[in-house]
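Colleague: following is a predicted model, sequence given first.
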Amino acid sequence: MLCKKYSGFFGGIHPADGSDKELSLQSPIVSVTPDVVEISSEQSTGSICHFKPVIGDKVTLGDLIGIPKNFTAVNLHASISGTVTDIKTYEYPRTGAQVTFLRIEGNGRAAVKTNQEYRFKLMDISHLSREILLNKMKEGGLTGMGGAGFPTHIKYETKQPIDMVLINAAECEPYLTCDHRLMLEYGMELINGINLLIKAAGAQKAILCLEDNKKDAGLYLENLISGLNVPISIKLLPTRYPQGGERQLIQAVTNTMVPIGGLPADIGIIVNNVATAKAMADLVFGDTPLIARCVTVTGKVKNPGNYYVPLGTSYSSLLHLAGGITTLNNKVILGGPMTGNCVGIDVTEADVYGSVTKTSSAIIVLENSSLTETPCIRCGACVRICPAGIHPFKIDNAYLREDLSICEKLFATECIGCGSCSYVCPAKRELARRNISARNEVKKIRRERQVK
Ligand code: SF4
Ligand code: SF4
């Protein structure tokens, strides 16, 4: 029986009716290997690698090509075999960020993997120590694949005793279906991966948490687990956004809150995305570092679907694969519609810039609609739904007055960037954008204070 006990989290919304997910949900994952990849040196915001190869070097799938430049970056590996034909720095059109890409032209040879057992049966992990697993995570460049892209080995190197691992399969944003499909199609890899994460954490158990709009995946995985001796259970949660936020998930499942300024490890929990669990199994049993991922391509495209592709696959080629953009009055978003970044307005697929990284969950094309902000009417809706328990309209007000000390006093640093406040605001105020900016600027000031 799927466990339904639910304690809930503070705030939250129902941003859509589910028909958005239906667009790509019935499309099985298609594996595609492009002839060319352009791998970004920045695999998640601010996590930058220095490229090892130079133009003309031959690389083989899985070769180490990027060395972390900072604390939040991890090793980066060649996602196809071939020749490095270019290393270029571009300015991202909408953000202005400078990002370096390494281009590999493929030699057309697919990698042959001999050990595929972990796709069909539960693997013995008794010979693998926690140290070995942490080292493999680090060497293999494992990161959280749900959005933030934090290095997995750093989470697991905690000195805090860990009781349980929560596997985040909530996939609570509209349109996204890549995690749902992963659960339906890669069940045994996931279970093997979760088993490894339990051992790496030194934990007693794992709970795989998913929303009740993915009941089929929950039942399928529960059936798979029932015949195995693994300390994994499945928890079905009511569909509600932003349940997939780390703190919200912990609150919903355990009725415990992570203290302000603290980490889940402080209360004995590590949270990992379900795709990271699969990548862990690939790493340990498939001897493959994190070089590919599943991406949902959906919205206003001809054939919405889910694609398993090497890192560096261009967004424009993915949009082509999905049959192309079907309306010129569009807005192209990388990631979910609530938290993703808009990378193009009124564009064709050829104009969409950039390539798949370890955190690219989706490319979504929406109808473009321009909204005009009007003054706040003090309705309080943004306060009632804010899952961080802060006052978005007050922080917005202080930020517009450029008063960051008030933003700090109003706990702007607690904003999780979920976008719920903008979604409910009847005055169409850009609350989320400015609350996120306030959060980032206050955090920067705090860091500078610590350095002095
Ligand atoms: S203030 Fe931040 S956490 Fe609160 S609803 Fe807005 S975006 Fe979400
Ligand atoms: S939801 Fe909009 S109008 Fe209502 S209090 Fe918040 S900012 Fe003001």
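Modeller: Cool, the structure landed. Ligands and ions are numbered 1, 2, ... in the order given.
Colleague: give me the neighbour count for Ile325.
Modeller: A count of nearby residues for Ile325, using other CB atoms under 10 Å, gives 25. Backbone N, C-alpha and C define where each C-beta goes, glycine included.
Colleague: from Asp351, how far out is it?
Modeller: Going from Ile325 to Asp351 by CB to CB, to the nearest Å gives 9 Å.
Colleague: same check on Lys444?
Modeller: For Lys444, the distance to Asp351 - CB to CB - is 32 Å.
Colleague: between these two, which has more neighbouring residues?
Modeller: For Lys444 versus Asp351, the count of surrounding residues by other CB under 10 Å is larger for Asp351: 15 against 11.
Colleague: which strands and helices lie in contact with the helix or strand containing Lys215?
Modeller: Using DSSP states H and E, Lys215 sits in helix 215-226. Contacts defined by 3 or more CB pairs under 8 Å, 6 or more residues apart in numbering; DSSP states H and E place helix 215-226 against helix 178-185, helix 187-201, strand 205-211, strand 232-237.
Colleague: which one of the ones you listed lies nearest to Ala73?
Modeller: Taking CB to CB, helix 187-201 is the member of the helices and strands packed on helix 215-226 nearest to Ala73, at 20.1 Å.
Colleague: now the angle from that closest one to strand 232-237?
Modeller: 110 degrees (axes from the mean of the first three to the mean of the last three CA atoms, to 10 degrees).
Colleague: enumerate the residues of this protein near ligand 1.
Modeller: Neighbours of ligand 1 within the chain, by CB under 6 Å from any ligand atom: 386-388, 390, 392, 415-421, 431-432, 435.
Colleague: of the residues you listed, list those near ligand 2.
Modeller: Leu431.
Colleague: now, the residues of the chain next to ligand 1 that are in helices?
Modeller: Counted as lying in helices by DSSP state H, out of the residues of the chain next to ligand 1, are 392, 420-421, 431-432, 435.
Colleague: out of these, what pair is the most spread apart?
Modeller: Largest separation among these by CB to CB: Ser420 and Asn435, giving 10.5 Å.
Colleague: looking at the two, which has the bigger crowd around it?
Modeller: Shown here are Ser420 and Asn435; by other CB under 10 Å, Asn435 has more neighbours (32 against 26).
Colleague: residues near the closest residue to the more buried one other than its chain neighbours, how many?
Modeller: Spatial nearest neighbour of Asn435, chain neighbours left out: Cys415 (4.7 Å); criterion: CB to CB, 6 or more residues apart in numbering. Cys415: 26 surrounding residues under other CB under 10 Å.
Colleague: residue ranges with poor pLDDT in the stretch 1-150 of the chain?
Modeller: Residue ranges of the stretch 1-150 of the chain with pLDDT under 70: 1-7, 93-95, 110-115.
Colleague: what residues are up against the closest residue to ligand 1 within it?
Modeller: Relative to ligand 1, the nearest point of the stretch 1-150 of the chain is Gly11 (7.0 Å; CB to the nearest ligand atom). Going by CB atoms under 8 Å, 6 or more residues apart in numbering, Gly11 touches 384-389, 420.
Colleague: and which of the residues you listed is nearest Gly106?
Modeller: The closest of these to Gly106 turns out to be Ser420 (CB to CB; 42.0 Å).
Colleague: tell me which element Asn306 falls in.
Modeller: In this assignment (DSSP H and E), Asn306 forms part of strand 305-310.
Colleague: what's that strand in contact with?
Modeller: Contact with strand 305-310 is made by 24, 27-34, 37, 79-80, 177-178, 181, 291-298, 318, 321-322, 356, as judged by CB under 8 Å, 6+ apart.
Colleague: what subset of those residues is buried?
Modeller: Applying 16 or more other CB atoms under 10 Å to these, the neighbour count classes 24, 27, 29, 33-34, 37, 79-80, 177-178, 181, 291-298, 318, 321-322, 356 as buried.
Colleague: Ile104 and Asp35 touch, don't they?
Modeller: No: in this structure, Ile104 is not within contact of Asp35 by CB atoms under 8 Å, at 9.7 Å.
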